[in-house]
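**Student:** here you go, sequence then predicted model.
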Amino acid sequence: MSKRVHRISYGGDENQFGDLRLPEGNGPFPVAIVIHGGFWRAKFELEHMNKLAEALTALGIATWNIEYRRVGQTGGGWPGTFQDSSHAVDFLRTLANAYPIDLDQVITIGHSAGGHLALWLAARHKLPQNSMLKNSNHPLRLKGAISLAGVSDLELMHDIHKWKESITGVHDNPTEDFIGGMPVDLQSRYAEGSPIALLPIGVPLVLIHGSLDVNVPVGVSEHFVKAAMAAGDSVVFKSISTAEHFKLIDPESDEWSIIKEAVIRLLH
């Protein structure tokens with residue numbers, strides 16, 4: 001691991017850590033909190049966001065690529081995945097004591113299930129006071145959030161997988177596994193865990209989605225954007241006709257310039 005990459009634990013579990021990458025120079029640097037996807041499941045890890053994190057760091061942005069407990073691990077899913085990502089964000093206050101980062105210039109950028117968390121982390125100040133997901137009355141304020149092919153509506157994603165199950169006959173519903181059941185039985189969990197249910201979020205939002213995506217249909221983002229705009233949020237939506245699910249996190253793709261511009265716009 002490069003001397004410019006610092007692996008730091010934000011909690012006691014082996015999955016509660018992040019990789020802090022610092023650009024060349026003295027700082028203080030703006031920060032992009034990078035959040036990997038994989039439908040919140042244990043087999044997907046933060047390493048597949050390394051290239052994206054490195055590309056952002058090369059632009060002069062510190063990156064905090066976070067790991068978290070996931071479905072299939074003790075404490076993963078509801079509520080641990082939410083609590084871990086919240087702790088990882090607020091831990092930047094601790095990191096700022098030792099590293100030259102600017103806490104007034106922090107955004108989230110997440111892919112797929114990480115896009116869900118990127119939006120949710122920007123919205124968690126809207127949680128009910130009695131929510132078990134509410135770990136702080138003073139969550140770190142974000143300057144914006146970027147969702148790359150993100151799951152911005154948990155109930156809709158649940159229903160999409162339910163429809164797939166009816167076609168294939170194979171039970172595979174990552175959202176149901178993540179939340180612990182179906183929306184009809186766990187309405188409060190879906191309401192507290194879904195970005196669309198916490199609108200308006202109150203910070204600038206960017207949603208970027210490939211039209212060719214078969215993992216998370218582009219309609220999920222389109223649906224969220226309409227609701228967010230109706231609620232009064234500032235939202236930029238980019239649908240990329242040439243992109244499938246994973247092209248959005250490839251800094252060597254032609255489409256990367258769209259993601260890069262979105263990050264720079266939120267941080268400057």
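**Tutor:** Perfect, thanks for sending it. Numbers count the residues shown, from 1 in each chain.

**Student:** residues contacting the most centrally placed residue in the chain?
**Tutor:** Nearest residue to the geometric centre of the chain (C-alpha atoms, centre = their mean): A118, 2.7 Å. A118 sits next to 33, 35, 108-110, 145-147, 150 when contact means C-beta atoms under 8 Å, 6 or more residues apart in numbering. From N, CA and C alone the C-beta is placed, and that goes for glycine too.

**Student:** redo those residues as TSV? Include distance to L199 and neighbour count.
**Tutor:** As requested, the contacts of A118 are exported to TSV (distance: C-beta to C-beta, whole Å; neighbours: other C-beta atoms under 10 Å):
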residue	distance to L199	neighbour count
I33	21	26
I35	20	34
T108	16	29
I109	20	30
G110	18	29
A145	12	28
I146	17	28
S147	13	34
G150	14	32
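
**Student:** could those go into CSV alongside distance to A197?
**Tutor:** Output for these, formatted as CSV (distance: C-beta to C-beta, whole Å):
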residue, distance to A197
I33, 22
I35, 19
T108, 18
I109, 22
G110, 18
A145, 16
I146, 20
S147, 15
G150, 15
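
**Student:** one step back: identify the residue spatially nearest to the residue nearest to the centre of the chain, adjacent ones excluded.
**Tutor:** Excluding the flanking residues, the one nearest A118 by C-beta to C-beta, 6 or more residues apart in numbering is G110, at 3.3 Å.

**Student:** in the protein, what residue spans correspond to strands?
**Tutor:** Ranges of strands within the chain are 5-9, 17-21, 29-35, 62-66, 101-111, 144-148, 205-210, 235-240, based on DSSP state E.

**Student:** and the ones you listed as a markdown table, adding distance to R189?
**Tutor:** Listed next are the strands of the chain as a markdown table, based on distance: least, C-beta to C-beta, whole Å:
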| stretch | distance to R189 |
| --- | --- |
| strand 5-9 | 28 |
| strand 17-21 | 26 |
| strand 29-35 | 20 |
| strand 62-66 | 22 |
| strand 101-111 | 20 |
| strand 144-148 | 20 |
| strand 205-210 | 23 |
| strand 235-240 | 25 |
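
**Student:** a markdown table for the ones you listed, including mean pLDDT?
**Tutor:** Output for the strands of the chain, formatted as a markdown table (pLDDT from 0 to 100):
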| stretch | mean pLDDT |
| --- | --- |
| strand 5-9 | 96 |
| strand 17-21 | 98 |
| strand 29-35 | 98 |
| strand 62-66 | 98 |
| strand 101-111 | 98 |
| strand 144-148 | 98 |
| strand 205-210 | 97 |
| strand 235-240 | 97 |
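
**Student:** mind checking which of these is nearest G169?
**Tutor:** Closest approach to G169 among the strands of the chain is made by strand 205-210 (27.7 Å; C-beta to C-beta).

**Student:** and that closest one, what does it pack against?
**Tutor:** Applying 3 or more C-beta pairs under 8 Å, 6 or more residues apart in numbering; DSSP states H and E, one finds that strand 205-210 contacts helix 113-123, strand 144-148, helix 218-231, strand 235-240, helix 256-267.

**Student:** now do the residue lying closest to L52 once chain neighbours are set aside, the pLDDT please.
**Tutor:** Among residues not flanking L52 along the chain, I249 sits closest, at 4.9 Å (C-beta to C-beta, 6+ apart). Note for I249: predicted pLDDT of 94.

**Student:** likewise the one 3 residues further on?
**Tutor:** According to the prediction, E252 has pLDDT 95.

**Student:** list the contacts for it?
**Tutor:** Contacts of E252 by C-beta under 8 Å, 6+ apart are K51.

**Student:** the same query, at a cut-off of 10 Å, please.
**Tutor:** 51, 55 (C-beta atoms under 10 Å, 6 or more residues apart in numbering).

**Student:** wait, what's in contact with the residue nearest to L248 when sequence neighbours are not counted?
**Tutor:** What sits nearest to L248 in space, not counting adjacent residues and going by C-beta to C-beta, 6+ apart, is L148, at 4.3 Å. Contact partners of L148, counting by C-beta under 10 Å, 6+ apart, are 35, 37, 52, 109-112, 114-115, 118, 206-210, 216, 221, 238, 243, 245-249, 258-259, 262.
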